[in-house]
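Participant: have a look at this prediction, sequence included:
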Amino acid sequence: AQSVAQPEDQVNVAEGNPLTVKCTYSVSGNPYLFWYVQYPNRGLQFLLKYITGDNLVKGSYGFEAEFNKSQTSFHLKKPSALVSDSALYFCAVSSRLGGGYNKLIFGAGTRLAVHP
Amino acid sequence: ETGVTQTPRHLVMGMTNKKSLKCEQHLGHNAMYWYKQSAKKPLELMFVYSLEERVENNSVPSRFSPECPNSSHLFLHLHTLQPEDSALYLCASSPTGTGYEKLFFGSGTQLSVL
């Protein structure tokens, strides 16, 4: 069964420092991976996805993620964190349903706190 | 704004009440989803609809009853809920429900069951 794991409940980083939010996956076949962000009192917003091609994927708000097949990881990164990046971050993997449809399976989320 | 609107934003109900959650999207998408978000747990997929037909029912208790009258509207009817059903219920849509599309989420309905 497809699954993702986010090993950290919370990540704390100082503004201006680089940040990493970790995600590992377990899939059969090729992985199709996503990152979403949730700000307080809002729904989830798409950041980026990896389907195929370059292992470094660039997304919204200056975020990027590195796909590593040997380590089965898809960590989210940003070179310089902003206080406004503080939010809940979700990693997800696409999984097949019947009839050619797909669904997203999400991790438990990692809360990112960026301190001034 | 993502183009997906959920109402109400907050709902408090007793265990014997009947209520409905509403989701509306104006993106021209054909697939709609209900997810349940509980604290410190992965988002749980509840239902998937494509072109008004249910394509996934993820072993959800019968006290949750979805309805998709057209591709723009999705409802979740609630009756005789339990306190453990208290959670944030998120609606999402995507263009077709196939391929590796991104989902567009609403802001959710925060449900409290007393």
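Facilitator: In hand now; what should we look at? Residues are numbered from 1 along each chain as shown, chains lettered A, B, ... in the order given.

Participant: hey, where'd the helices end up in chain A?
Facilitator: Using DSSP state H, no helices are found in chain A.

Participant: regarding it, what is its longest strand?
Facilitator: Scanning chain A for the strand with the most residues, using DSSP state E, yields strand A:87-96.

Participant: neighbouring strands for that one, and are they parallel or not?
Facilitator: Next to strand A:87-96 in the sheet, as set by DSSP bridges, lie strand A:33-38 (antiparallel), strand A:102-106 (antiparallel), strand A:110-115 (antiparallel).

Participant: now the last one, how far from the chain's geometric center?
Facilitator: It refers to strand A:110-115. 14 Å (C-alpha atoms, centre = their mean, to the nearest Å).

Participant: contacts for that strand?
Facilitator: For strand A:110-115, contacts defined as C-beta atoms under 8 Å, 6 or more residues apart in numbering or on different chains pick out A:6, A:8-15, A:19, A:21-22, A:81-90. C-beta coordinates here come from the backbone N, C-alpha and C atoms, glycine included.

Participant: the residue in chain B sticking out farthest from the centre: what's it in contact with?
Facilitator: When distances to the mean C-alpha position of chain B are computed (C-alpha atoms, centre = their mean), the maximum falls on B:Gly99, with 21.1 Å. Going by C-beta under 8 Å, 6+ apart, B:Gly99 touches A:Asn102.

Participant: show me where pLDDT drops low in chain A?
Facilitator: Counting by pLDDT under 70, chain A shows no low-confidence range.

Participant: where do the strands of it begin and end?
Facilitator: If DSSP E is used as the criterion, the strands of chain A fall at A:3-5, A:10-14, A:19-21, A:24-26, A:33-38, A:44-50, A:56-58, A:64-68, A:73-78, A:87-96, A:102-106, A:110-115.

Participant: what about residue 55, how many residues close to it?
Facilitator: In the absence of a named chain, chain A is used. Per other C-beta atoms under 10 Å in any protein chain shown, the neighbour tally for A:Asn55 reads 11.

Participant: try chain B instead
Facilitator: Using other C-beta under 10 Å, B:Val55 is surrounded by 17 other residues.

Participant: before we move on, what's the pLDDT of it?
Facilitator: B:Val55 is assigned a predicted lDDT (pLDDT) of 82.

Participant: please apply the same query to B:Glu1.
Facilitator: 67.

Participant: list the contacts for residue 107?
Facilitator: Went with chain A since none was named. Contacts of A:Gly107 (C-beta under 8 Å, 6+ apart): A:4-6, A:23, A:90-92, B:42.

Participant: actually chain B
Facilitator: A:41-43, B:6, B:9.

Participant: of those, buried ones?
Facilitator: Among the contacts of B:Ser107, those buried by neighbour count (16 or more other C-beta atoms under 10 Å in any protein chain shown) are A:43, B:6.

Participant: tell me which of the contacts of B:Ser107 is nearest to B:Met15?
Facilitator: Closest approach between the contacts of B:Ser107 and B:Met15, by C-beta to C-beta: B:Arg9, at 21.5 Å.

Participant: near chain A, which residues of chain B?
Facilitator: B:2, B:4, B:6, B:31, B:33, B:35, B:40-43, B:45, B:48, B:50, B:55-56, B:90, B:92, B:97-108 (C-beta under 8 Å from any C-beta of the partner chain).

Participant: mind running it again at 6 Å?
Facilitator: B:41-43, B:45, B:55-56, B:90, B:97-98, B:100, B:102, B:105-108 (C-beta under 6 Å from any C-beta of the partner chain).

Participant: farthest pair in those?
Facilitator: It's B:Lys41 and B:Thr98 that sit farthest apart of the residues of chain B next to chain A, by C-beta to C-beta, at 27.2 Å.
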